[in-house]
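Peer 1: only the shape, not the letters, is given here:
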C-alpha cells in the first residue's frame, strides 16, 4: 500500500476520521469532562499531538534524505558511464568500438529503469542490465589481460565504477521507510484523533474532518516522496538522458 500514495491518503483519512467520530461517541456515552479533568485531558491531548508532529517531521526528513540519495546516485551513475565511454579510447580499436556499443545499450536500460513505473517490465530490465554488465566487464577484462598496462587499468577501473554505481542506485531504491515505522506513526495518529473526538465539546461529522485531512495529506506527501515509482515526486534520469543526447549523432 505504501507504494501507492493515493491509497495511503484514502485509508488514512477514513481511519482517522472514524477514530475521531468514535471518540466523540465515547464522550457522549460514558461521561462529560468537567473542570480540572478537562484541563488535564487537554494537556494529554497537546502532548500526544506534539509527539505525532515530531513523528511526522522525522518521517518526512527520512523520506527526503532517501529522495536526495536517489538523485545523487543517478548523477553519479551518469558520470561513471560518461567517463567510461571516454576511457574506451584506451582500449584497442575493436574492443573500444564493442565497448561503446554495449555502453549505449546499457545506458538505454538505465534510463528505462528510472522511467518505468510498472513492476512487470522491471524484471526484464534488470535481467537485461545484468547481461550487459557481464558483457561490459568481459570486454574490459579481456583487453586488460591481453595487454596488462597501467593505461588499460584505467579503463578497467572505470568499468568497475559503472558497475558499482548501479549497485548503489539499486540499494538506494530499496532503502525505504520501514513498515513498522508507518504502523507506529499510524497508531499514534489514530490515538490522537480519538482523543480529539473525545475532547470535543460539540458533536458533528464535519467537525472532525480538519485534523484527519491534514494528517492524511502529510502521510500522502511522505509516502509520495518515499515511493520511487508510485508517487508524483520521482527521480527523473535527467543526467542519464543528457549523456545519451551527447552520444547521439549530429542531425544534418
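Peer 2: Cool, got the structure. In this text, all values refer to a predicted model and were calculated from it rather than measured experimentally.
Peer 1: contact partners for residue 96?
Peer 2: 88-90 (Cβ atoms under 8 Å, 6 or more residues apart in numbering). (C-beta placed from N, C-alpha, C; glycine too.)
Peer 1: give the buried subset of the residues you listed as a PyMOL selection command.
Peer 2: Here is the PyMOL command that selects the buried residues among the contacts of residue 96 (16 or more other Cβ atoms under 10 Å):
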select buried, resi 88+90
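Peer 1: tell me the one of the contacts of residue 96 nearest residue 184?
Peer 2: For those, the residue nearest residue 184 by Cβ to Cβ is residue 88; the value is 50.6 Å.
Peer 1: from residue 102, how far out is the closest one?
Peer 2: Computed as Cβ to Cβ, to the nearest Å, the residue 88 to residue 102 distance reads 10 Å.
Peer 1: if we can go back for a sec, please identify which of the contacts of residue 96 is nearest to residue 126.
Peer 2: For those, the closest approach to residue 126 (Cβ to Cβ) belongs to residue 88, at 24.5 Å.
Peer 1: return the per-residue confidence for the closest one.
Peer 2: Per-residue pLDDT puts residue 88 at 88.
Peer 1: now do residue 246
Peer 2: Here the pLDDT value assigned to residue 246 is 87.
Peer 1: wait, what's in contact with it?
Peer 2: With contact taken as Cβ under 8 Å, 6+ apart, residue 246 is in contact with residue 82.
Peer 1: leaving out sequence neighbours, find the closest residue to residue 169.
Peer 2: Nearest non-adjacent residue to residue 169, counting by Cβ to Cβ, 6 or more residues apart in numbering: residue 73, 4.4 Å away.
Peer 1: show me the contact partners of the helix or strand bottoming out on mean pLDDT in the chain.
Peer 2: When each helix and strand of the chain is scored by mean pLDDT, DSSP states H and E, helix 5-29 comes last, with a mean of 85. Contacting residues not belonging to helix 5-29 are listed as 1-2, 33, 186, 189-191, 193-200, 203, 205, 207-209, 211-213, 215-217, 219-220, 223-224, 227, 230-232 [Cβ under 8 Å, 6+ apart].
Peer 1: can you turn the buried part of those residues into a PyMOL selection?
Peer 2: Per 16+ other Cβ under 10 Å, the buried members of those correspond to this PyMOL selection:
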select buried, resi 2+186+189+190+191+193+194+195+196+197+198+199+200+207+208+211+212+215+216+219+220+223+224+227+230+231
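Peer 1: so can I have CSV of the contacts of residue 96 showing secondary structure?
Peer 2: What follows is the contacts of residue 96, written out as CSV (DSSP: H, G, I helix; E, B strand; the rest coil):
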residue, secondary structure
88, helix
89, helix
90, helix
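Peer 1: looking at the contacts of residue 96, which one is closest to residue 111?
Peer 2: In terms of Cβ to Cβ, no member of the contacts of residue 96 lies closer to residue 111 than residue 88, at 19.5 Å.
Peer 1: quickly note the distance from residue 46 to residue 199.
Peer 2: For residue 46, the distance to residue 199 equals 10 Å [Cβ to Cβ].
Peer 1: same question, residue 117
Peer 2: 43 Å.
Peer 1: ditto for residue 155
Peer 2: Remark: distance between residue 155 and residue 199 (Cβ to Cβ) = 69 Å.
Peer 1: same check, this time on residue 54
Peer 2: Separation of residue 54 from residue 199 (Cβ to Cβ): 20 Å.
Peer 1: over to residue 140?
Peer 2: Separation of residue 140 from residue 199 (Cβ to Cβ): 67 Å.
Peer 1: what about the helices in the protein?
Peer 2: All helices of the chain, identified by DSSP state H, fall at 5-29, 35-87, 93-115, 120-146, 150-174, 179-199, 210-226, 238-247.
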